[in-house]
Structures are given as structure tokens and as C-alpha cells.
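**Q** mind folding the following:
(chains A and B)
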Amino acid sequence: MSALRKTEPELGELMRAKLSGFVATLRDNGFIIGSAEYRDALTVLSGDGASRPSRLRPALRSLFCSRHSDWTMFDEIFDAFWLKRGMKSATRMSGAPQKAPDGVQAAANGARGQGNQDAADHVQRGEGAEAVETGETRREGASRAEFMGKTDFRHLTHPDDLAEAHRLAERLAVSMRARMTRRMRARLRGQRLDLRRTIHKSIANGGTPMQLVFRKRREKPLRLVVLLDGSGSMSLYSAVFLRFMHGVLDAFREAEAFLFHTRLVHIAPALRERDPQRAVERMALMGQGTGGGTRIGDSLATFNRWHAKRCIHSRTCVMIVSDGYDTGPSERLGDEMRALRRRCRRIAWLNPMIGWQDYAPEAAGMKAALPFIDLFAPAHNLESLKALEPYLARI
Amino acid sequence: MAVKLPQERIAAQMAAVGYVPDRDLSTALWLMDSLSRPLLLEGEAGVGKTEVARALALANDTKLIRLQCYEGLDQSSALYEWNYQRQLLAIKAREGLNADEVEEAIFSEKYLLERPLLAAIRQAKAPVLLIDEVDRADEEFEAFLLELLSDFQVSIPEFGTIAATSIPRVVLTSNGTRELSDALRRRCLYHYVDFPDVDREARIILSRLPDIDAALALQIASMVGLIRKEDLRKTPGVAETLDWAATLAGLDIRHLHDEPEAVHQTLMCLIKTAEDKVRMTRQVTERLLGKVA
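**A** Numbering: from 1, shown residues only, chains lettered A, B, ... in the order given. So this is what the prediction gives:
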């Protein structure tokens, strides 16, 4: 269109190398940059409109960013790369999770401790609400699937068992999917004549409308938004959940998934991965936290502020999977839950700990959130996941 | 100043027609011209996304062609459609004639209805094509749009291929009701339109309402800036600011502090929900007014 496009990029080797390094860094941080964008960036660099860093920044920003999260992250990465400032924070996406502060770790240990104690209880009594079969006994069950269905995920320690549970979770999700989709289809109704199309069809008959065309009513498809707690205290459950999610999210033509920890991460892109194992690995990687603690309130606030408008419409169910141990102030969580409640149709909160004996929602965060929850359900084993189906189908 | 940079030139052009862009936006507009890529604008409602396209058309003295997207938008209302009623009449009128002749007649230019996208590529002078709220359209439409934006030609089965006579400047806006596809995002330049800062908003008020007092414009801008920081359900946009400024100017108010009562009464230009109205009590208005210089 202008002269700029025609001039072949004439840049030194050094600059090219530097730019491709920058592009690689951006890609690592989740930017979508194709080779066309890279070429255009070279063109921009060789022009005189971007001869100084201060002018380069806005040009590269509008070229390389493609969504608001990119937009907010760009400056930090730009500074880190070109001005060597704040390197640490810019590479955080690929960083390994750090140790949680003592408080949270204690809470997590407490939860686990309670779990173990619980387990011991059951072993002694032999049967209970959640019969725990460990060691050799698990081979003696009438059906392996049945055994799997009732066992709390945290008691599955053997890799084979875990793999089996993952597979079952996925299969359960898929079978739920089929049924839910059928129900959605049966609900379509209401017909109005589409005059324009009818006339169009009638042209073939010399203008006599033989074949009537009806307008199809567009139903807003049901949408599911999942917020999954990826914190330490949930780590025994989140892997199975990720797998379950991968299966069930396919059922909804419109689905979104987020993982939260100390911050909120959008994991829907990873859900598009067809291979479940790889999808789960990608999601787990994306969800690795930067610090300790679970900031449910803050994560929800981020969700409400930046994602809710896009993700939530009148037929949306928000599903939060968390144990409710919030290291932030509980009022914050309450406020954000209230805001979220106003927007969506249903909020379901799945808490693995409900499955434990004598559990009462005592965590301050959980208490603050309770008034805004439509369904508060256990999710500690496959059976409890299965029990969700009628609820999901009814939304 | 010796030679003006291209982005500065664009900023001046835009300012001349009443849109005050910040540096990032003028850079994006310059890149849009030089790389001939579409520009995707995102931002909260009321920050002036649509206005960018309007000003761009004015600045380049060209037509603005607007396609408003909505759920269920299809090719026949976005690209072209045959005028079925006239075709039917033509068929009736030509009854008994050779079928081939009739067909040729009814599938000619005369019976083709241009819709925004087709109109945009058939202009003599490159227009500005505004694809508004692209997130409201369906994914299928988005894919189709992507194809059009890279080829700039349209093939109509009964008619043939229509190549673009001019490549339009394309501005897309999105309100974020649906996630756009990565392909579309990658294809576009991106700019996140934020609420203007006080200084820029004052300049916007001055450029739209030239008769207003400069000091009052600055006061209004800083008051609106403060109101935006309040935790409101619906943050007032730039259009609301302009409404309010026009109202205050119409009431002949010279200084916000002179008429706190009138200021509070006219806040309804900015506050759009009942909940926010309850929140913006007289006390809050006074507190905020106190912070305005």
C-alpha cells in the first residue's frame, strides 16, 4: 500500500537475531506470532517510523499483541528483553512452582493429615460411607470399575490405579456428554416462516411457493465455565479433575476453563488438545503457581473483571472446584461471589472434602462463599462426579 | 521541528477531525496503512472504539462502510443477496422466452443487492470498513471474514468473481462477549483502547465542544476520571462525558464548585443504573468535587 511495504527489510544480522529472540520470548509467554508478523516486524524495524525504542515499543506492541492479556504483559517483557530490566518476572510463565509459605503448607498438611487419619478409620471399620480398600484387597473387588468408583482419589497411589481413574473419569465425562447433548437437541422448538428463503426456493417452481422454509430459532447454547483450584491442598485431586474436565468440557459447545492458584490462568487453549494425557500435562504446566497460598478471592476478582463479560451469558453455569482454603481475606471472596452470582445462572461448588466424614464447611472462605452457591456437592470419587450429571443436564 | 514522523502526521489528521488519539493508537493506525493489515480494537464499552473508524474515514476524506455484527449474521446480509422479488417479477414478465436468456437476465448486476462487505471492495476510493462488534457474529462468519480479509475478492456462483477495486482500511471492534479465533487475532494489529486520561479527555471535550471554557473542560475531565475510579457497575464512557459537558455548558455553569447541586442533578448523564445511582449519593459527589482542582 505504501512505500514501506515495498522496501525489502535491510537489517543487520544482529538485529534480526535479536528480534527473533524477542519473538521466541513472546511465544513462550503465550503470544500468537506467525512468520508474517515477524516479517512485518522486520519491515517496521527497517523503516524510520520506529527508529528509537520509544517508538519501537508501540509499533511492536500493536503488531504482536492479540488480546488484552498480551497487551498488559507486553511492556514487562519488552523491558526485560530490550532493556534488561525485571528479567525474573517476565519469565515467570515457564518458572517452576515455588514453595508455599508455612501457613498454607500447614493447612494443606492438615488436610492431608486429616485424610490419613480418616483412611485409618475406615480400614479399621472395614466399611463406611467411603470404603477404602488398600493394598491387596483392591484386587479382590467384584469389579474393578466399581472399586474405582467409590475410592477417594487421594487413596489412589499406585500409578496404574491413577491411570485407570483418569481413564474412567474421561469415559464418564464422554458418556455424560452424549446424554446431555441429546437433551439439548430435543428441547429445540418454535417455527416461523422464513419468507426470503421460501421465495428463493420458489424460483425453481416459477414463483409458486411449494416448499416452505422455516426460521430456526437460535437457542443460546448452554455454557460451562470451570474454575479449578490448582493449589497444593488440592494437588491430589486436581489431576483427576483436569482429566474429567477435558472430557466433560467437550460436551458443551461453549466451555471455558480456568485454573487458579495465586493467580488465574486461562487453560481453555490446552483443552483443545485432543490427546487427553497431553492436554492434562499442558494444563498442569500452565497452572503452576508463582508463590504460595491460594488466593481464591483475588482469582475470582480477576475473573470477574477481565473474563466474566466474555465467558458468562444468561445460560452459563459456573463450576468452582476447590476446597475453599483461601489465604486472602474471606470478605473479598464473599464480595466476588456475590458479583459472580448476579451474572450467571448457576454456581456449583465442588468440594472434595465434603466426601470426608464429619466435614463441615468451616474454612472462613468457604463460609463466606456458601450463601451464593446453588449446588454444593462432593467430588472426591468417580461416583460423586457421576451424580453431577442430572444437575448439569438440567441447567 | 523538521520532518514529522508518519504516526505524528496521522495523530494531527485525526485531531483535526475531532478524535484525539494517544501515541499508541496513532502508531497502530500508521502500521495499519503501511502494512495493510486490519486493526482490531478492544476495550470497555464507551471508550470510543467505533469513533476511531469514523474519524479515520473523515481524516482520509473517504466513505465509512459499517457492518454491524450480530448473532446469526450470514453472508446474505453481510456480503450480497439477490433481489428475489424483482427476479420473480422478471421471470413472470419474460414467461415464454428462452430459459437461458431469462437466467442471464435475472442473474445480472441489476438484481444484485450489495451488502456492506461487497460494497466496501467495490469503491473507487479505498473506504474505511468498520466491522463492529465482530465477537457477536458466529464463528463460521468469522472464518469467512478471515478469507475475505486476505483475498479481497468475492465469488458469486451465478455471477463470477468480483475482485476488489480498492483495498479498504479495515477496523474491527470487539466487546469481548466471545473469544475470537487465534487466526483472526494474529491477522490483525491489536490495540486496547483504554479510558482516556484527564488531559486527553479534556482535549476531547474541547475538540467536540469548542465553545466550552478550557478550565471547565479540565474540571469535567478530572471529575469523570474520579467517578470512573469509584466502583460502579457501569463505568461512564467518553460519550457520556460529552453529554455531561454539553449539559453543563447548556446550563451556563462556568465552574463546577459554584453549582454543586446542579452538578449532582446532572450526574444522570453519567450514571446509568439504579444501583450506581444509589451509590453516588450527594456526599460522594461532594467528596469527589472536593478533589477536583
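**Q** tell me the contacts of residue B:189?
**A** When contacts are counted by Cβ atoms under 8 Å, 6 or more residues apart in numbering or on different chains, residue B:189 touches A:62-63, B:28, B:31-32, B:35, B:37-40. All C-beta atoms are positioned from the backbone trio N, CA, C, and that covers glycine.
**Q** same thing with residue B:187?
**A** Here residue B:187 is in contact with B:37-38, B:146, B:149-150 (Cβ under 8 Å, 6+ apart).
**Q** show the end-to-end separation of stretch A:260-270, please.
**A** Counting by Cα to Cα, to the nearest Å, you get 15 Å between the two ends of stretch A:260-270.
**Q** and the stretch 1-150 of chain B, which residues reach chain A?
**A** B:5-7, B:23-24, B:27-28, B:30-31, B:33-37, B:39-40, B:42, B:71-72, B:76, B:82, B:84-85, B:87-88, B:91-92, B:95, B:135 (Cβ under 8 Å from any Cβ of the partner chain).
**Q** now with 6 Å, please.
**A** B:5-6, B:24, B:27-28, B:31, B:34-36, B:42, B:72, B:84, B:88 (Cβ under 6 Å from any Cβ of the partner chain).
**Q** so can I have CSV of the residues you listed showing pLDDT and neighbour count?
**A** Formatted as CSV, the residues of the stretch 1-150 of chain B next to chain A follow (pLDDT from 0 to 100; neighbours: other Cβ atoms under 10 Å in any protein chain shown):
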residue, pLDDT, neighbour count
B:5, 80, 17
B:6, 82, 21
B:24, 89, 19
B:27, 91, 31
B:28, 92, 27
B:31, 91, 28
B:34, 88, 21
B:35, 88, 21
B:36, 87, 18
B:42, 90, 23
B:72, 78, 13
B:84, 83, 21
B:88, 82, 17
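**Q** between those, which sits nearest residue A:212?
**A** Of all those, residue A:212 sits closest to residue B:84, with 15.0 Å by Cβ to Cβ.
**Q** please enumerate the strands of chain B.
**A** B:39-43, B:64-68, B:80-82, B:112-114, B:128-132, B:153-156, B:160-163, B:169-174, B:189-193 (DSSP state E).
**Q** next one: the stretch 201-350 of chain A
**A** Taking DSSP state E, counting those that start in this stretch to define them, one finds strands in the stretch 201-350 of chain A at A:214-216, A:223-229, A:254-260, A:264-266, A:316-321, A:346-351.
**Q** okay, domains of chain B per the record?
**A** Domain assignment for chain B by automatic domain parsing gives B:20-79+B:115-193, B:198-291.
**Q** deepest-packed of those, please.
**A** Ranked by mean neighbour count under mean count of other Cβ atoms under 10 Å in any protein chain shown, those are led by domain B:20-79+B:115-193, which reaches a mean of 19.
**Q** my guess is residue B:225 meets residue B:198, correct?
**A** Yes: using Cβ atoms under 6 Å, residue B:225 makes contact with residue B:198 at a distance of 4.8 Å.
**Q** low-scoring pLDDT stretches of chain B, where are they?
**A** B:1-3, B:177 (pLDDT under 70).
**Q** nearest the geometric middle of it, what residue?
**A** residue B:50 (1.3 Å; Cα atoms, centre = their mean).
**Q** ok, it to residue B:14 distance?
**A** Using Cβ to Cβ, to the nearest Å, residue B:50 is found at 14 Å from residue B:14.
**Q** ok, residue A:348 - contacts?
**A** Residue A:348 is in contact with A:319, A:375, counting by Cβ atoms under 6 Å, 6 or more residues apart in numbering or on different chains.
**Q** hey, what's it bridged with?
**A** Counting by DSSP bridges, residue A:348 is bridged to residue A:319, residue A:375.
**Q** tell me how far it lies from chain B.
**A** 22 Å (Cβ to the nearest Cβ, to the nearest Å).
**Q** identify the residue nearest residue A:22 in space, chain neighbours excluded?
**A** residue A:81 (5.2 Å; Cβ to Cβ, 6 or more residues apart in numbering or on different chains).
**Q** may I ask which helix or strand of chain A has the lowest mean pLDDT?
**A** Scoring the helices and strands of chain A by mean pLDDT, DSSP states H and E places helix A:102-125 at the bottom, with a mean of 37.
**Q** contact partners for the residue of the stretch 51-200 of chain B found nearest chain A?
**A** Proximity to chain A, evaluated over the stretch 51-200 of chain B using Cβ to the nearest Cβ, is greatest for residue B:185 at 3.5 Å. Residue B:185 sits next to residue A:66 when contact means Cβ under 6 Å, 6+ apart.
**Q** ditto for residue B:78
**A** B:67, B:115, B:117.
**Q** residue contacts, residue B:77?
**A** residue B:115.
**Q** please apply the same query to residue B:208.
**A** So residue B:208 contacts B:18, B:242 (Cβ under 6 Å, 6+ apart).
**Q** ok, so what distance separates the residue located most distally from the centre of chain B from residue A:347?
**A** Computed with Cα atoms, centre = their mean, the residue of chain B farthest from its C-alpha average is residue B:96, at 50.6 Å. Here residue B:96 is placed at a distance of 68 Å from residue A:347 (Cβ to Cβ).
**Q** and what of residue B:21?
**A** 41 Å.
**Q** ditto for residue A:385
**A** In terms of Cβ to Cβ, residue A:385 sits 18 Å off from residue A:347.
**Q** repeat for residue B:131
**A** 35 Å.
**Q** can you check residue B:19 too?
**A** On the measure of Cβ to Cβ, residue B:19 and residue A:347 end up 42 Å apart.
**Q** before we move on, what about residue A:213?
**A** 41 Å.
**Q** before we move on, what about residue B:265?
**A** For residue B:265, the distance to residue A:347 - Cβ to Cβ - is 39 Å.
**Q** and residue A:23, by the same measure?
**A** 41 Å.
**Q** which of these two has more residues huddled nearby?
**A** residue A:347 (22 against 19; other Cβ atoms under 10 Å in any protein chain shown).
**Q** which residues sit in contact with that one?
**A** Taking Cβ under 6 Å, 6+ apart, one finds A:318, A:373-374 in contact with residue A:347.
**Q** need the residues of the stretch 151-293 of chain B near chain A, please.
**A** Checking the stretch 151-293 of chain B against chain A by Cβ under 6 Å from any Cβ, the hits are B:176, B:182, B:185-186, B:189-192.
**Q** try it again with 8 Å
**A** B:167, B:175-179, B:182, B:185-186, B:188-192.
**Q** widest-spaced pair of those residues?
**A** B:167 and B:177 (28.7 Å).
**Q** ok, and what's touching the longest helix seen in chain B?
**A** Taking DSSP state H as the criterion, chain B has its longest helix at helix B:214-229. Identification of contacts with helix B:214-229 by Cβ under 8 Å, 6+ apart yields B:195, B:197-199, B:201-202, B:205-206, B:209, B:235-236, B:240-241, B:244-245, B:248-249, B:253-256, B:263, B:267, B:270, B:280, B:288-289, B:291-293.
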